[in-house]
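A.B. asks: quick one, structure for this:
(2 chains)
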Amino acid sequence: MKRLSALFLALLVASATLFAGCAPKVTSDTEPQQQPEGQQEGQQGEAGTISKEDMVVGFIYVGPIGDGGYTWAHDQGRLFLEEQLGVKTIYKESVPENQEVEQVLRSMVDQGAKAIFATSFGYMDYVEKVSNEFPDVKFFHCSGYKTTANMANYFGRIYESRYLSGIVAGMKTESDIIGYVGAFPIPEVVRGINAFTLGAQSVNPDVKVKVVFTSTWYDPAKEKDAAISLLDQGADVIAQHQDTAGPQQAAQERGAFAIGYNSDMSEAAPAANMTSSVWNWGPYYVEQTQAVMDGTFASHSYWEGFSEGIVDLAPLTANAPEGAAAKVEEAKAKILDGSLFVFEGPLKDQTGAERVAAGVQMTDQEMLSFDWFVEGVEGKIE
Amino acid sequence: MEGFWNIFQAFSVVLVIGGTPLLFATLGELLTEKAGHLNLGVEGMMLIGAVAGFAAGHFTGSPLLAMGGAFLAGGLGAMIYGFLTVTLRANQVVSGLALTMFGTGISSYLGVNFIGQKMSAEISAFFSPVAIPLLSSIPYVGRVFFRQDPMVYLGYVTVALLGTYLYRTRIGLNLRAVGENPGAADASGINVDLYKYVHIFLGGALCGLGGAYLSVVAVPQWQDGITAGRGWIAIALVIFAGWNPFKAILGAYLFGGLSIIGFYFGNYFSAWNISQNLIDMLPYAVTILVLTASSVRKSKEKGAPKALGVAYYREER
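C.D. replies: The predicted model follows:
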């Protein structure tokens, strides 16, 4: 009997700690902002519109905000939304890409969410399912391809920014070897590596980009080790498609240089970082939330780049080579006016075979299923 | 050939750094298991140590206090588990898992203000590599093992101390008795609960050091969830090492090496058509093999402590 009661007590304590650890951390940190007097008119009434007081926007993140990278960038977008529209937002961090997504979505709807942004690829099917249950709530899924009447998808052409960061790296390298730490050999990462390589080659035709894959989005120490291995093999500039600043640290310690990703990583490695390819989700979140409030939402697939400001290149630091800023501006202007398209032929693959003929531009579909490296990349897609 | 050799040496240097957090955590779990307690909270204790070490270093600027804080915090974290499993005799697996979840949560919570912060230059300088006279001039071995940071050396010392303690001292013998047969140990006048508490504390403290090695020395910047699953690898490593601290250091470096080998020799692997996924899998496959082999042989020396995972009830002897 004693044994039973002891076990029971322990289980109770254990489950209490368990819940303390993983109870849904749905947090709201905006207080409803006081409306200045005289601006109340026009807020309510019209059919299909939602007033600022009633508007709640939910965000689901795959990692912790503290990653200082991908999730952090999305959360900056959330904060921007709060600041711009003064609506209430709720969020939940570190939601795994499984059934739990549905529970989180439903709990957010219960809390009054009228629009929910689900920010990871693996959420797609769950978002689709729940969107059919709640036709009055608008769902936005990041980096996927499915839509329903009340579910849109969105992503950014970060490769445009990677092309520009490649220019900076290509001008900086003296060994003509640039190291690139990638997470997984999936089209999104491959596309980024190719765009980066083309950018580097546009200013330095001899450049080689050495790629290693870590098989993880998030492991600061392993990402750093991967970068060290590239530096050991002759690289003097490090770029990354990872969620932490580990590779930047490696470059700094070895006196090399680095290009960041997701958010401006110049503070993580002030002596090494030259610039970063960054996400700027805020404007899209504001625009879409406004549309939901105005009742003008329409389902869509959104994949834009510099033209809509959803991707950007962080300001070049003092570590960047002389003249790089001008080159970058020039290329950016060309991308904006359409005279430069990153994946325009002639493009050759690693074996030297021509994959895209001169003058031909790759289609979105081709870019979304990229499974080959351009010439000049050293690495293998498994 | 010289090029290959240089790369191999560079690889070995990183392997030792990658293996060191695993080594501390493995030694910690090993010590805990010697007392008959399976603590699956390694990941949690590492994270508690990582955040405590970072915080202590951040606020005091002292490298020794950083490591001391991690040691203490890891140990205190383990005491939650100790109270549940020694005094309340709760299920060890459940309690350990709860500790992992607790540690993960509390390290995120306490770390919120450190996000993106780096260790101070003074602390990083303290933990920068130091060459050991004479030994460091041995070809290859000197560069790889004796031109590392102080924590790597502390790892060597801990292995030696633990090996001596377990196999060459009276208290170590008593500890092993507690893990093998607590009833007999009790009868011979050993304070079983005290032994369990002390070693669960020390085990957690070593795990805390492993976590702090990542946040204070290796990375050294605060990142949420910085251990990224290394605690689970350490649990496998204890089995791999057959509960022997000397084999633990080999295992830790082997596992550390396998996780980065693809970065250095990826071109050879692709030439031979060996997938990176296969290499990532190897440590675990080897662990299963070791476990199978030692179970088949029923070796007394290499097996797990007999009373591992079993709560001890004095009145039911």
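
A.B. asks: B:Leu97 and A:Gln99, how far apart?
C.D. replies: 20 Å (CB to CB, to the nearest Å). All C-beta atoms are positioned from the backbone trio N, CA, C, and that covers glycine.

A.B. asks: neighbour count winner among these two?
C.D. replies: Comparing B:Leu97 with A:Gln99 by other CB atoms under 10 Å in any protein chain shown, the one with more neighbours is B:Leu97, at 18 against 10.

A.B. asks: so the more buried one, which state does it fall into?
C.D. replies: Here B:Leu97 is recorded as helix under DSSP: H, G, I helix; E, B strand; the rest coil.

A.B. asks: what of A:Asn153?
C.D. replies: Following three-state DSSP, A:Asn153 is assigned to strand.

A.B. asks: next one: it, what pLDDT does it get?
C.D. replies: In this model, A:Asn153 is scored at 94, pLDDT.

A.B. asks: which parts of the chain are helices?
C.D. replies: As the question left the chain open, I've gone with chain A. Under the criterion DSSP state H, helices of chain A are mapped to A:2-22, A:70-85, A:100-110, A:124-133, A:158-172, A:187-203, A:220-232, A:246-253, A:282-294, A:324-337, A:364-368.

A.B. asks: try again with chain B
C.D. replies: In chain B, the helices defined using DSSP H lie at B:2-34, B:42-60, B:63-82, B:92-111, B:121-126, B:141-145, B:150-168, B:170-180, B:182-187, B:192-212, B:230-240, B:245-271, B:276-297.

A.B. asks: which of those helices is buried the deepest?
C.D. replies: Of all the helices of chain B, helix B:42-60 carries the top mean neighbour count, a mean of 29, counting by mean count of other CB atoms under 10 Å in any protein chain shown.

A.B. asks: quick one: it near chain A?
C.D. replies: No: applying CB under 8 Å from any CB of the partner chain, one finds helix B:42-60 separated from chain A by no less than 8.7 Å.

A.B. asks: between that helix and helix B:192-212, how big is the angle?
C.D. replies: Angle between the axes of helix B:42-60 and helix B:192-212 is 60 degrees (criterion: axes from the mean of the first three to the mean of the last three CA atoms, to 10 degrees).

A.B. asks: counting by contacts, list what helix B:42-60 packs against.
C.D. replies: In this structure, helix B:42-60 makes packing contacts with helix B:2-34, helix B:63-82, helix B:92-111, helix B:192-212, helix B:230-240, judged by 3 or more CB pairs under 8 Å, 6 or more residues apart in numbering or on different chains; DSSP states H and E.

A.B. asks: figure out which of those is closest to A:Leu340.
C.D. replies: helix B:2-34 (37.9 Å; CB to CB).

A.B. asks: circling back to that earlier point, reformat the helices of chain B as TSV; add mean pLDDT.
C.D. replies: TSV is the format used below for those (pLDDT from 0 to 100):
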stretch	mean pLDDT
helix B:2-34	94
helix B:42-60	97
helix B:63-82	97
helix B:92-111	95
helix B:121-126	94
helix B:141-145	94
helix B:150-168	97
helix B:170-180	96
helix B:182-187	94
helix B:192-212	97
helix B:230-240	93
helix B:245-271	91
helix B:276-297	80
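
A.B. asks: number of nearby residues for the residue of chain B found nearest chain A?
C.D. replies: Distances between chain B and chain A by CB to the nearest CB are smallest at B:Ala90, namely 2.5 Å. By other CB under 10 Å, 24 other residues sit near B:Ala90.

A.B. asks: phi, psi for it please.
C.D. replies: With angles defined as degrees, to the nearest 10, B:Ala90 sits at phi -70, psi 170.
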